[in-house]
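K.L.:
got a sequence here, can you build the structure:
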Amino acid sequence: MGIATMIGASIKRREDPRLITGQATYVDDIKLIGMLHMAILRSPYGHARITGIKTEAARALPGVVAVYTAEDLKGKVGQMSVGVLLAPHIEKGMGRRRPLAEGKVRFYGDPVAVVIAQDPYIARDALDLIEVDYEPLPAAIDVEQAMQPGAPVLYEEFGTNLAFSQHPPTDEIDQVFAQTIAEGGIVVKARLVNQRLIPSPMETRGVVAEFRKADKSLTMWSSTQLPHVLRNYLAEQLGLLQYQLRVIAPEVGGGFGCKQDIYPEEALVAFAAMQTGHPVKWIEDRSESFTATIHGRGQVDYIEVAATREGKVTGLKVHVISDLGSYLQFFTDIIALALTLPMVNGCYDIPHTYTALDLVFTNKTPTDAYRGAGRPEATYLIEHAMNLVA
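P.N.:
Numbers count the residues shown, from 1 in each chain. A predicted model of the protein is given here:
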């Protein structure tokens, strides 16, 4: 069948038979000889200093092969990759993280240590034997309060939670609003909250890695939406050349954006496979997914609309406050700036638009792309604005 004749034709889906007959292969279906399993100890605090970690009892548990903390990764695994860096603060390292927390945890669920064991149950049991001494700290939870002086600060070296701020002069838009009011028009205002959400794909995240010492090659199976991006950045993080790392994305049981990211778990599984010489598997449980996988949305938007009595909008002011969470993920810092702000006009002819933006760190799970990634937030605010004008 030529390309021209395919337009408008009914094309049979090739993937359906294996999916509906149970023959599809997901990450958790991967079983390799000598495979070990990883479990992750996560922070029970939203914000705390780590003053000590004792792993001896966990290491001594029969069936445990290895226990790793941030100290074990130093010089062997680099920082987590960030796709786009915007603000000078961010370029200097604000919001950057390593696979395991060093000195401080910044959200509930922050990875602190991992256990590698002969089966997943032993690995989980060993987590209970790891002793971590924490010094709890006040947490910045509300995104607007986190911007205020005196708020708990996630990155003390910067003295602020504000990662990026863009507030252009308002002279022109103020004149438009003043003229509209002088001519008998109206101005409506609103504060809109686009709440955080948890993506929750049916298949949680999962990773399997196998390292071949002979040619120093690593094969990874990951429930990822971007296998090539994962390959490129993870290779750099592990000190490998790109051709030494092969990433396979088997069937992916839902992603919705949350599986576009590069997560600590991929680096940790790869590191464990390279250190132990065995294939290593990690499958996220549902509770982990709620806190360790990125959240979506998380914006507070202030809008003002000037319009004539006939319903013609003359001006729009938008101030977006974006809750980044505790760390930068792959697209965290561009969602509001590059995807929400350019779309705030929607499909409407608005002659004058003013946008301001604040990107703010809080002691919560990092946010990133989810279903439209910043654009549904823009649609919500402009359509709500039109309802108010009407």
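
K.L.:
now the residue lying closest to A39 once chain neighbours are set aside. Its backbone dihedrals?
P.N.:
Distances taken as CB to CB, 6 or more residues apart in numbering put A123 closest to A39, at 3.6 Å, once the chain neighbours are dropped. In short, each C-beta sits where N, CA and C put it, glycine included. Here is the backbone geometry of A123 (degrees, to the nearest 10): phi -60, psi -40.

K.L.:
for the remainder of this discussion, apply numbering that starts at 518.
P.N.:
Yep, numbering from 518; the last one is A640 now.

K.L.:
which residue packs closest to the residue of the chain most remote from its centre, ignoring adjacent ones?
P.N.:
In the chain, counting by CA atoms, centre = their mean, E700 sits farthest out from the average C-alpha position, at 46.8 Å. Sequence neighbours aside, T825 is the residue nearest to E700 in space, at 7.2 Å (criterion: CB to CB, 6+ apart).

K.L.:
and the one you found, what does it touch?
P.N.:
Going by CB atoms under 8 Å, 6 or more residues apart in numbering, T825 touches T697, E700, G701, G702, I703, T831.

K.L.:
closest one of the residues you listed to L856?
P.N.:
L856 lies nearest to T831 out of the contacts of T825, by CB to CB, at 25.6 Å.

K.L.:
packing partners of the helix ranked longest in the chain?
P.N.:
Secondary structure of the chain per DSSP state H: the longest helix is helix 892-906. Under the contact criterion of 3 or more CB pairs under 8 Å, 6 or more residues apart in numbering; DSSP states H and E, helix 892-906 touches strand 703-711, strand 816-824, strand 830-842.

K.L.:
how about D875, secondary structure?
P.N.:
Under DSSP: H, G, I helix; E, B strand; the rest coil, the three-state class of D875 is strand.

K.L.:
which residues does it bridge with?
P.N.:
Per DSSP bridges, the residues bridged to D875 are S682, I838.

K.L.:
neighbours around it, how many?
P.N.:
22 (other CB atoms under 10 Å).

K.L.:
wait, doesn't it sit right on T677?
P.N.:
No: counting by CB atoms under 8 Å, D875 stays clear of T677, with 10.8 Å between them.

K.L.:
just name the most buried of the helices and strands packed on helix 892-906.
P.N.:
Stretch with highest mean neighbour count among those: strand 830-842 (a mean of 24; mean count of other CB atoms under 10 Å).
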